[in-house]
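*Asks:* Could you look at this predicted model? Sequence included:
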Amino acid sequence: DTATALDNHQQDINSKSDTQTYNVYLVPNGYEPLLSTKKKNLKKIPRPKNCFMAYRMDKQHEIMKQWPGVNNKDISRIVGSMWKQESEEEKGRYKAIAEELKKCHAREYPGYKFSPKKKTQKNNLKKQEPQLGNV
């Protein structure tokens, strides 16, 4: 099953064109992402992708094809340097994609408002712990 999904994805990459359509999370239609083994909070609504994240999701498959086995941290570094070198026209294209993703996200999750987590009491307690000095 996994091998079939990867083969299908490889074919999608090889036949990629400018008319490729994506779902809300920039996964090419017809591509089934591999399931994660990590437990996720099913009640948490994901944030909409910004223009850089849309760009990263689009470019990561190319990077993984060029450098098999590269980890996500390295992919982010490579894509970050690619993003800095992109023309304003190309960045504008991804800004438009991000706006469309934001509209789709708003339709899927009406009333969503980003609210970052507050600092926990545990973090506050760590800051208040006294330093051990000379006794």
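*Replies:* Everything's here; your move.
*Asks:* Just give me the neighbour total for residue 55.
*Replies:* Look at residue 55: counted by other C-beta atoms under 10 Å, it has 24 neighbours. C-betas here are computed from N, CA, C, even on glycine.
*Asks:* Using CSV, write out the CA atom coordinates for the helix or strand where it lies.
*Replies:* If you go by DSSP states H and E, residue 55 is part of helix 51-66. Output of helix 51-66 as CSV, limited to C-alpha atoms (Å, rounded to 0.1, in the frame of the first residue of the first chain):
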residue,chain,number,x,y,z
CYS,A,51,2.6,31.9,1.4
PHE,A,52,5.9,30.4,2.6
MET,A,53,4.3,27.3,3.9
ALA,A,54,2.4,26.9,0.5
TYR,A,55,5.8,27.3,-1.2
ARG,A,56,7.5,24.8,1.1
MET,A,57,4.7,22.2,0.6
ASP,A,58,5.1,22.6,-3.2
LYS,A,59,8.9,22.4,-3.2
GLN,A,60,9.5,19.7,-0.6
HIS,A,61,8.7,16.9,-3.0
GLU,A,62,11.3,18.1,-5.5
ILE,A,63,13.9,18.3,-2.7
MET,A,64,13.1,14.8,-1.4
LYS,A,65,13.4,13.5,-5.0
GLN,A,66,16.9,15.2,-5.4
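*Asks:* Flag every buried residue along that helix.
*Replies:* 51, 52, 53, 54, 55, 56, 57, 58, 59, 60, 61, 63 (16 or more other C-beta atoms under 10 Å).
*Asks:* I'd like to know which elements that helix is packed against.
*Replies:* helix 2-14, helix 72-85, helix 88-108 (3 or more C-beta pairs under 8 Å, 6 or more residues apart in numbering; DSSP states H and E).
*Asks:* before we move on, back to that, list just the nearest of the buried residues of helix 51-66 to residue 69.
*Replies:* residue 63 (11.2 Å; C-beta to C-beta).
*Asks:* Distance of residue 69 relative to residue 75?
*Replies:* Look at residue 69 and residue 75: by C-beta to C-beta, to the nearest Å, they are 11 Å apart.
*Asks:* and what of residue 95?
*Replies:* Taking C-beta to C-beta, one finds residue 95 at 21 Å from residue 75.
*Asks:* cool, and residue 92?
*Replies:* For residue 92, the distance to residue 75 (C-beta to C-beta) stands at 23 Å.
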